[in-house]
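**Student:** Fold the following, please.
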Amino acid sequence: MASFVERMVGAARLDARTYGEVEADTTAMGQAMAVVAASALAAGVGSISSGATGVVAAVVGGIVGWFLWAVVTWLVGTKLLPEPGTSADLGQMLRTIGFSAAPGLLNVLGIIPLVGLVVWLVAAIWQLVAMVVAVRQALDYTSTGRAVLVCFIGWVFYMIVSIGLAMVMGIGSVIGG
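**Tutor:** Numbers count the residues shown, from 1 in each chain. A predicted model of the protein is given here:
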């Protein structure tokens, strides 16, 4: 069994075997959450102009977003778009998607002036590709296209919820003064 760091590197390298190992390891949930939290913390530090509150919000939002996206992806992948060999539980999806956040650690480089946007874009695309690998592995898909579709549907739902929460929080700050 690979170490935590080896798993993070394997996940960032888009190694399907790493995702398979994480999927099968029921004790890796804490590690998956740690990857998500570290990635969100890196994003918060990379955009430190938002202050300490922004960093805390990034970590909490990252963990909540990971959970919501994993639940939606699991439901879509197992109930709406399963393949004949699809077999996955929510824990498997949480663990694999959690490790797909590993490339997000690059976001800490956003603290360097004039580099932040480029780093964010590279990390976001890399994380999305890693998520496709994670979903394909967790759902036992033979089709990468189906994994892309499941990730896209999960992303649309995630964006709707995120925008809705931002609107509610914005309205709350206007009402609250």
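**Student:** Please, where are all the strands along this protein?
**Tutor:** Secondary structure of the chain (DSSP state E): no strands present.
**Student:** Over to the residue nearest the centre of the chain: give its phi and psi.
**Tutor:** Centroid-nearest residue in the chain: Ala101, 4.6 Å away (criterion: C-alpha atoms, centre = their mean). Backbone torsions for Ala101, taken as degrees, to the nearest 10, come to phi -80, psi -10.
**Student:** Would you check that it makes contact with Trp126?
**Tutor:** No. Under the criterion of C-beta atoms under 8 Å, Ala101 lies out of contact with Trp126, with a separation of 10.2 Å. Glycine gets a C-beta too; all of them are placed from N, C-alpha and C.
**Student:** Asn132 against Thr144, yeah?
**Tutor:** Slight slip there: residue 132 is Val, not Asn. Yes. At 6.6 Å, Val132 counts as touching Thr144 under the criterion of C-beta under 8 Å.
**Student:** of the two, who's got more company?
**Tutor:** Val132 (22 against 12; other C-beta atoms under 10 Å).
**Student:** From Val5, how far off is that one?
**Tutor:** The spacing between Val132 and Val5, counted by C-beta to C-beta, to the nearest Å, is 23 Å.
**Student:** Met93 too?
**Tutor:** In this view, Met93 and Val5 are 23 Å apart by C-beta to C-beta.
**Student:** same deal with Val115?
**Tutor:** Taking C-beta to C-beta as the measure, Val115 and Val5 are separated by 25 Å.
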